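K.L.:
Pasted the sequence and its predicted model underneath.
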Amino acid sequence: MADHFADRLFEAVRRKNSRLCVGLDPRVDLLPPDLPGEAVERVERFCLQTCAAVEPYAVAVKPQAAYFELLGPAGMACLE
């Protein structure tokens with residue numbers, strides 16, 4: 001198993017034959033309206049569903065911390 005991020009990244013690129021990196025910019029006002037829960041719960045659901053959907057194709061996911069920071073301590077806990 002690769003120990004360094006770059007090794008893991010290159011292995012994922014090789015294994016998936018992809019270079020796709022997905023950005024997570026969860027703007028609460030743009031989330032699907034049918035996601036239940038409060039803002040942080042909706043963000044968490046959206047991000048988890050997105051990660052699951054892109055897992056076969058993406059070699060990395062990059063969350064945009066600023067969107068989580070807007071939600072305060074609960075948003076930062078969600079980012080973690």
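P.N.:
The structure has been received and is ready for your questions.

K.L.:
count of residues packed around R15?
P.N.:
Number of residues near R15 (other Cβ atoms under 10 Å) recorded here: 9. Just so you know, the C-beta spots here come from the backbone N, C-alpha and C atoms, and that holds for glycine as well.

K.L.:
so where does it fall, helix or strand?
P.N.:
Element membership of R15 [criterion: DSSP states H and E] is helix 5-16.

K.L.:
How about Y67?
P.N.:
Using DSSP H and E, Y67 sits within helix 65-69.

K.L.:
And the helices in this structure?
P.N.:
5-16, 39-54, 65-69, 72-79 (DSSP state H).

K.L.:
can you list contacts of the third one?
P.N.:
By that I understand helix 65-69. L24, D25, P26, R27, V43, G75, M76, C78, L79 (Cβ atoms under 8 Å, 6 or more residues apart in numbering).

K.L.:
give me phi/psi at H4?
P.N.:
As for H4, its main-chain torsions (degrees, to the nearest 10) stand at phi -100, psi 150.

K.L.:
Which pLDDT value goes with it?
P.N.:
H4 carries a pLDDT value of 93.

K.L.:
Could you tell me how far it is located from E38?
P.N.:
If you measure H4 against E38 using Cβ to Cβ, to the nearest Å, the figure is 38 Å.

K.L.:
just P56 next, same as before
P.N.:
As for P56, its distance to E38 is 30 Å (criterion: Cβ to Cβ).

K.L.:
before we move on, what about A58?
P.N.:
Noted for A58: a distance of 27 Å to E38, by Cβ to Cβ.

K.L.:
More neighbours: those two, which one.
P.N.:
Applying other Cβ under 10 Å to A58 and E38 shows that A58 carries more neighbours, namely 18 against 10.

K.L.:
All set now, cheers.
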